[in-house]
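> give me the fold of what follows.
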Amino acid sequence: MATTAVTLAVIAAVLEIVGIVLTVLDIRAARASLARYLTRQRTVYASAGLSAEFSMALDLIPQDRTLAQRIEALEAWRHGLPDELVRRERKLGDALRNDFRRALKASERTIDDQFKGLRDFVVGVGRSHWIKAYRGPLLLAVGVVAGLAANIVSAVQSS
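Next up is the predicted model:
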């Protein structure tokens, strides 16, 4: 019966040593995986910048008009100026809103891409099954149980 206790103790020691080695290797692999994640290529989405052109230039007044006609044209332009300013302000506001939406959408896509990469890393996309990932600790636990069994067998034999 003493050989049973010794055999269980040897099996326990081998399982514990192999479990520790595999655990260390898994930790190193996890560090390498984290390093690959941290250095992965990131995609940053950008939107087109504001490209509206606004000018407040006067229409050229032909020089062949009389002074009264030119003053009349200036007065007509001056009376139409508030409406023109409102129209241009509306046009600029629309352009700014559209640009802001595009920039916001681009930022959202960039952040979604980063979260997807982080989620894939945390979930372990592309990594092996969980049993393979935890084989070291599992072997260590089985080794501890085998060592406990060896101690129980040894204690029973001693009594």
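
> next SSE after the helix or strand of the chain with the lowest mean pLDDT?
None of the helices or strands of the chain scores lower by mean pLDDT, DSSP states H and E than helix 130-133, at a mean of 66. As assigned by DSSP states H and E, the chain's next helix or strand after helix 130-133 is helix 135-158.

> which residues are contacting that next one?
The contact list for helix 135-158, computed with Cβ atoms under 8 Å, 6 or more residues apart in numbering, reads 1-2, 4-9, 11-26, 131. C-beta coordinates here come from the backbone N, C-alpha and C atoms, glycine included.

> please export the C-alpha coordinates of that helix as CSV.
Taking Å, rounded to 0.1, in the frame of the first residue of the first chain, the C-alpha atoms of helix 135-158 are listed here in CSV:
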residue,chain,number,x,y,z
ARG,A,135,-5.4,23.9,-18.6
GLY,A,136,-2.5,25.0,-16.3
PRO,A,137,-4.7,25.8,-13.3
LEU,A,138,-6.8,22.8,-13.9
LEU,A,139,-3.8,20.5,-13.9
LEU,A,140,-2.5,22.2,-10.8
ALA,A,141,-5.9,21.7,-9.1
VAL,A,142,-5.9,18.0,-10.1
GLY,A,143,-2.3,17.7,-8.8
VAL,A,144,-3.4,19.2,-5.4
VAL,A,145,-6.3,16.7,-5.2
ALA,A,146,-3.9,13.8,-6.1
GLY,A,147,-1.5,15.0,-3.4
LEU,A,148,-4.4,15.2,-0.9
ALA,A,149,-5.3,11.6,-1.9
ALA,A,150,-1.7,10.5,-1.5
ASN,A,151,-1.7,12.1,2.0
ILE,A,152,-5.0,10.3,2.9
VAL,A,153,-3.7,7.0,1.7
SER,A,154,-0.5,7.5,3.6
ALA,A,155,-2.3,8.4,6.8
VAL,A,156,-4.6,5.4,6.4
GLN,A,157,-1.6,3.1,6.0
SER,A,158,0.1,4.5,9.0
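
> report the mean confidence score over that helix.
Averaged across helix 135-158, the pLDDT comes to 88.

> one more: stretch 115-125?
81.

> can you list the buried residues in that stretch?
Gly117, Phe121 (16 or more other Cβ atoms under 10 Å).

> return the distance of it from the chain's centre.
Centroid displacement of stretch 115-125 relative to its chain, using Cα atoms, centre = their mean, to the nearest Å, is 8 Å.

> who's in contact with it?
With Cβ under 8 Å, 6+ apart, stretch 115-125 has contacts from Ser33, Leu34, Tyr37, Arg40, Arg42, Gly126, Ala133.
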